[in-house]
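Peer 1: got a sequence here, can you model it:
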Amino acid sequence: MEMRVLGRTGMPISVLGFGGAEIGFEQASVEQTARLLGSALDAGLNVIDTAECYGSGETASESLIGQAVSHRRSEFFLFTKGGHRAGLDHDDWTPELITAGIERSLTRLKTDYLDLVQLHSCGLSILQQGDVIAALQAAKAAGKTRFIGYSGENEAAEYAVSCGAFDTLQTSINLADQRGISRWVKSAAEVGLGIIAKRPIANACWKWPTEDECPAYSRPYWQRLQTLAYEDLSIERALRFTLTVPGVTTAIVGTKNPERWVGNAALAQKGPLPAADYEAIRTHWQAVAQDDWSGQV
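Peer 2: Below is the predicted model:
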């Protein structure tokens, strides 16, 4: 699988990363997770991205990943996110919670260090306070994590890029979510932040015939795609578009299905879209997108 360097971190990571939300929220078994991640690692994927709030207890995403592949820890880069209480006895977005959450993540994931810890889509005011950023920096100084990042969109993402505290930015980038491409994504690339694309295939929401059938989480994208009315809409085109965006290092895709993972990996191997196709999509977005189409958390 193609490798790209994640900005200033210097980590050589695969262009397709595994997202751990689905296995946690859908309560996958350890056996399912081991088969899924084992096949992904065998095929060359070396990024696993999760969060402390993806599920709970023994079927929390972090717990499943730790039980399934901690014995292969040297073969992949391990990213997680924090800031939500998710069962801990601290308030959201406090330094105490950040510190306790990192310790719990290390325990669940059965590792003594993380490659990246990201603030999980907190708002601008939280970032501007500075105390949760300081807690992340302290964890980095203590060797709990090698790098720190921000996961989010819009004004908060712009601040995260400009404040100089972070090594990476994870943000929504896809056919239905392009506002950030010429703003915070471009700025992040210019200052050397590693850029991680989440929701890279817009949740494949076009597969739902009607808005009512579409899960609530994906409806903003479903609505936008009705207006955009792309002529050629497919998983391949969506994934390759995101991987063509300047500065993007990896696209995080979540699944509980090993076959789907193999299919996505084959599509990613086809590489970026031709320049003319990419520019046509960007031009169409700029002509059609509405002013209130902000980045989706």
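Peer 1: so residue 227 sits in a helix?
Peer 2: Yes - Residue 227 forms part of a helix when assessed by DSSP: H, G, I helix; E, B strand; the rest coil.
Peer 1: and the strand or helix carrying residue 68, what does it pack against?
Peer 2: Using DSSP states H and E, residue 68 sits in helix 61-69. Under the contact definition 3 or more CB pairs under 8 Å, 6 or more residues apart in numbering; DSSP states H and E, helix 61-69 sits against helix 21-25, helix 30-42, helix 95-109. C-beta coordinates here come from the backbone N, C-alpha and C atoms, glycine included.
Peer 1: which of the ones you listed sits closest to residue 193?
Peer 2: Closest approach to residue 193 among these (CB to CB): helix 95-109, 19.9 Å.
Peer 1: just to revisit the earlier point, now tabulate the helices and strands packed on helix 61-69 in CSV and tack on mean pLDDT and distance to residue 257.
Peer 2: Below are the helices and strands packed on helix 61-69 laid out as CSV (pLDDT from 0 to 100; distance: least, CB to CB, whole Å):
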stretch, mean pLDDT, distance to residue 257
helix 21-25, 88, 9
helix 30-42, 93, 8
helix 95-109, 96, 22
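Peer 1: among those, which is the most enclosed?
Peer 2: Of those, the one with the most neighbours on average (mean count of other CB atoms under 10 Å) is helix 21-25, at a mean of 21.
Peer 1: show me what that helix is packed up against.
Peer 2: When contacts are defined as 3+ CB pairs under 8 Å, 6+ apart, helix 21-25 sits against helix 30-42, helix 61-69, strand 248-254.
Peer 1: can I get those in JSON lines including distance to residue 282?
Peer 2: Below are the helices and strands packed on helix 21-25 laid out as JSON lines (distance: least, CB to CB, whole Å):
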{"stretch": "helix 30-42", "distance to residue 282": "30"}
{"stretch": "helix 61-69", "distance to residue 282": "33"}
{"stretch": "strand 248-254", "distance to residue 282": "14"}
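Peer 1: ok so, going back, distance to residue 137 added to the helices and strands packed on helix 61-69, as TSV?
Peer 2: Output for the helices and strands packed on helix 61-69, formatted as TSV (distance: least, CB to CB, whole Å):
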stretch	distance to residue 137
helix 21-25	26
helix 30-42	30
helix 95-109	10
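Peer 1: nearest to residue 293, of these?
Peer 2: Residue 293 lies closest to helix 21-25 among the helices and strands packed on helix 61-69, at 22.9 Å (CB to CB).
Peer 1: distance from the chain centre to that closest one, please.
Peer 2: A distance of 13 Å separates the centroid of the chain from that of helix 21-25, by CA atoms, centre = their mean, to the nearest Å.
Peer 1: is residue 124 in contact with residue 155, as I believe?
Peer 2: Yes - counting by CB atoms under 8 Å, residue 155 is a contact partner of residue 124 at 5.0 Å.
Peer 1: tally of neighbours for the closest residue to residue 281 other than its chain neighbours?
Peer 2: Excluding the flanking residues, the one nearest residue 281 by CB to CB, 6 or more residues apart in numbering is residue 241, at 5.9 Å. Residues lying near residue 241 (other CB atoms under 10 Å) number 24.
Peer 1: and residue 13, what are its phi and psi?
Peer 2: Main-chain dihedrals, residue 13, degrees, to the nearest 10: phi -120, psi 160.
Peer 1: next one: it from residue 4, what distance?
Peer 2: Distance check for residue 13 against residue 4: by CB to CB, to the nearest Å, it reads 7 Å.
Peer 1: any shared contact partners between those two?
Peer 2: 249-250 (CB atoms under 8 Å, 6 or more residues apart in numbering).
Peer 1: and those two? Which one has more around it.
Peer 2: Neighbours per residue (other CB under 10 Å) separate residue 13 from residue 4, with residue 13 holding more: 24 against 17.
Peer 1: so where do the strands sit in the stretch 51-200 of the chain?
Peer 2: 77-82, 114-120, 145-151, 168-172, 194-198 (DSSP state E, counting those that start in this stretch).
Peer 1: identify the residues contacting residue 241.
Peer 2: When contacts are counted by CB under 8 Å, 6+ apart, residue 241 touches 174-175, 273, 278, 281.
Peer 1: please repeat the previous calculation with a cut-off of 6 Å.
Peer 2: With contacts defined as CB atoms under 6 Å, 6 or more residues apart in numbering, residue 241 is in contact with 175, 273, 281.
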